[in-house]
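S.K.: one predicted model, sequence on top.
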Amino acid sequence: MITGSSEDSIMTNPSRRQWLQATASAVISAATVTGSTTRADFAPVRSLPVIANRTRSNPSEFKHRAIADYVENMRGFGGSLARHGCELVDRSQRDNSHWDFDIVIIGSGYGASICAARLSIAKRPQTRLAVLERGCEWIPGTFGDTLHQITRESRYKLLGPRKNSIDNPVGLFNTMQNDEVTVLSGSGLGGSSLINANVAIRPDRDCFSQSCWPEALRDRSMLDPYFHRAACELGVTSEQPDASPKSHAQRRAAEHLVPCGASFENADLTITRGHTSDGAILNRQGMRQRGCISCGDCTAGCNVGAKNTLAMNYLPLARQHGAELYTHTEVIRIEKLDMGYRVHFKNYQLDRNGEYQARCGTITTRMVIIGAGSIGSNEIMLRSRGCGMDFSDRVGYQWTTNGDALGFVRQSKYLTNTAAVGAYAGDSCDVGPTIQTNLTYPNRPELSQRILIQDGSVSRAYANILGLLMRDMDFDQTLPMLGMGHDGANGRVVLRSDAGDGHALGEVKWPGLVNSPYRALIRREFARVAAAHSGTYKYLKIFGDNLITVHPLGGCAMADDPLCGVVDHLGRVFDGRQGGMIDTNNMHTAAVHPGLYIADGSIIPTSIGCNPLLTISALAERIADGILVDPAHSDLFRSAS
């Protein structure tokens, strides 16, 4: 029986923060002093020293092995996958007849990395391809696993008068707080693959039949070969049934929902499985990895080396075939030249005081592929307007949270064990990867009513603070729920401020989202799952009453013409002059800017109601194929024959 929803607020006012800090300090102090198992005021605690230990990052054999494996992997690359972008700033300026690069790819997430790999494999020896990444190159085994470390790696200032200003320009965690929605994404070599939950899933076929998708993609079977290709390269494997307490608990709860039309399955994940005692495992690309230890800390960065991030597959492929990767380099805008483009960027370098200072630079190129993520790509496009080219007026529109929502089951009658333990040896039962199961309602007649709910775990860094709020410090009876669905894609990305150097930052506007019918729907579904656990449903106002999305999509939507979208079905950016030109060589198609592409989640025109990494990957594989067969680029790539 559902006993009702409850709400808590974190960090919404100073007194609340002070109470939480004082309570956390008291719990930690008690653990340190007593050194024995005791009982908290509101819940039994299995081991208070564990709570104290969560505040410290310790060395471990798992971390040591992950670092050693990465060092070994990089031997053939001169010690690292990427170089610092300061080399680009120091590059001498050339005239337009001599390009710095033939191809520049902006970003290193799924879309960008896949294009980098496929084009590098096919390029001619003299073709130069560069990948520009805003963040750092991360080594497995060095990710933070305490609240202090995680906060230090936040790109944006989270609190205080400077909230939403850039605090650490190369920070791993990109947390943008807007009026209606907070956006969380990753920033580093490999993009959000560094901190995602690894789920590889294909969307409902009916997603693609919607009229706002390009006609060439309205049958999902057109993408099936690319789904398969990406899944193979990413090393997708299926989770075993009841592989952890939380996956067992969710399966048992799902049995009660079958009469309501629920369907339950084990998730497909981009992680490496295997026995760590057998030593390192060589993946498809020849990279050394370790088997997953089910520590539950996927979304803070894998310190075991089991996570199949893009730094373990597509990016090494690109490097093996001659791509040049540069970090600490944020693209600001793109300027059109005769037969090519000039890319304006900032390079971030540490000064003597340990503060990042920006140096500006430019490079020229024949081809640009923008893959900076939903927010980043929209910012670049909006800042590039008027720089020698026009775009569709639809830039920034059709932005979606992908229906993301976060909820919790409290006091489940099943053991859940959802507090991540990190890369440390211990005798506690497995937490499992962050997500292991999918609960869906595939037979509902309306696509808008079909939702996906997944089990979750709580990162080690946040376990203490969330444990206080959940009154379950061990997370034995608490299950995080991650929901997705179809929110209407009515958000818009706009530029909100200018730092004085043309570097305006983006923000999302979506009036009415907080009180939308979709939000009411997903909360009803969360409550239904909580009841199936014989527990109660709870949600947290972590960032006020905002929705939180980790799967931002759209803003540079695909369409058949520039009146409806920003790029065509092959990722080519429409020429928006006079409201959208017709190509004089083909009167049935809209004109595009030659050599300018977008390949990331920003081109998806609707929510897709599931984790998007595999869809972004399939679209990028298809876009790369389109580039390789385009006669306009034949001098850059070897003939397919």
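M.R.: That came through, no problem.
S.K.: what sits against E137?
M.R.: S80, L81, A82, G188, L189, A311, T327 (Cβ atoms under 8 Å, 6 or more residues apart in numbering). In short, each C-beta sits where N, CA and C put it, glycine included.
S.K.: which non-adjacent residue is nearest the first one?
M.R.: Think S80. Leaving aside its chain neighbours, S80 sits nearest to M74 (5.5 Å; criterion: Cβ to Cβ, 6 or more residues apart in numbering).
S.K.: wait, that neighbour touches L81, no?
M.R.: Yes - M74 is within contact range of L81, at 6.8 Å (criterion: Cβ atoms under 8 Å).
S.K.: between these two, which is the more surrounded one?
M.R.: A side-by-side neighbour count of M74 and L81, using other Cβ atoms under 10 Å, places L81 first with 24 against 17.
S.K.: tell me which element V494 falls in.
M.R.: According to DSSP states H and E, V494 maps onto strand 492-497.
S.K.: CA atoms only: put that strand into CSV for me.
M.R.: This file holds the C-alpha atoms of strand 492-497, laid out as CSV (Å, rounded to 0.1, in the frame of the first residue of the first chain):
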residue,chain,number,x,y,z
ARG,A,492,15.0,25.6,-25.7
VAL,A,493,18.8,26.3,-25.3
VAL,A,494,19.6,30.0,-25.4
LEU,A,495,22.7,32.1,-24.6
ARG,A,496,22.5,33.7,-21.1
SER,A,497,25.6,35.8,-20.6
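S.K.: buried stuff in that strand?
M.R.: Judged by neighbour count (16 or more other Cβ atoms under 10 Å), strand 492-497 contains these buried residues: R492, V493, V494, L495.
S.K.: then stretch 520-538?
M.R.: By 16+ other Cβ under 10 Å, the buried positions in stretch 520-538 come out as 521-523, 525-533, 535-538.
S.K.: looking at those, which are in helices?
M.R.: L521, I522, R523, E525, F526, A527, R528, V529, A530, A531, A532 (DSSP state H).
S.K.: pLDDT and distance to S57 added to the residues you listed, as CSV?
M.R.: Shown next, in CSV, are those (pLDDT from 0 to 100; distance: Cβ to Cβ, whole Å):
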residue, pLDDT, distance to S57
L521, 97, 40
I522, 97, 35
R523, 96, 35
E525, 97, 37
F526, 97, 33
A527, 97, 37
R528, 97, 39
V529, 98, 34
A530, 98, 33
A531, 98, 38
A532, 98, 37
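S.K.: avg pLDDT for the strand holding V494?
M.R.: Per-region confidence: strand 492-497 scores 90 on mean pLDDT.
S.K.: kindly report the same for stretch 178-196.
M.R.: The average pLDDT for stretch 178-196 rounds to 96.
S.K.: go through it and flag the buried ones.
M.R.: Within stretch 178-196, the residues scored as buried using 16+ other Cβ under 10 Å are 178, 180-196.
S.K.: kindly report the same for stretch 315-323.
M.R.: So, applying 16+ other Cβ under 10 Å, buried residues of stretch 315-323: L315, P316, L317, A318, R319, H321, A323.
S.K.: which member of these is positioned nearest D90?
M.R.: Nearest to D90 among the buried residues of stretch 315-323: A323, at 20.0 Å, using Cβ to Cβ.
S.K.: can you tell me which two in the ones in helices among the buried residues of stretch 520-538 are farthest apart?
M.R.: Greatest spatial distance in those: L521 and A532, 17.1 Å, computed using Cβ to Cβ.
S.K.: got a list of what C556 touches?
M.R.: Per Cβ under 8 Å, 6+ apart, neighbours of C556: I370, S377, N378, M381, V395, G565, V566, V567, I598, S602, I603.
S.K.: again, only this time at 6 Å
M.R.: The contact partners of C556, by Cβ atoms under 6 Å, 6 or more residues apart in numbering, come to S377, V566, I598, S602, I603.
S.K.: adding neighbour count, pLDDT and secondary structure, write those residues out as JSON lines.
M.R.: JSON lines is the format used below for those (neighbours: other Cβ atoms under 10 Å; pLDDT from 0 to 100; DSSP: H, G, I helix; E, B strand; the rest coil):
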{"residue": "S377", "neighbour count": "30", "pLDDT": "98", "secondary structure": "helix"}
{"residue": "V566", "neighbour count": "30", "pLDDT": "97", "secondary structure": "coil"}
{"residue": "I598", "neighbour count": "29", "pLDDT": "98", "secondary structure": "strand"}
{"residue": "S602", "neighbour count": "34", "pLDDT": "98", "secondary structure": "helix"}
{"residue": "I603", "neighbour count": "33", "pLDDT": "98", "secondary structure": "helix"}
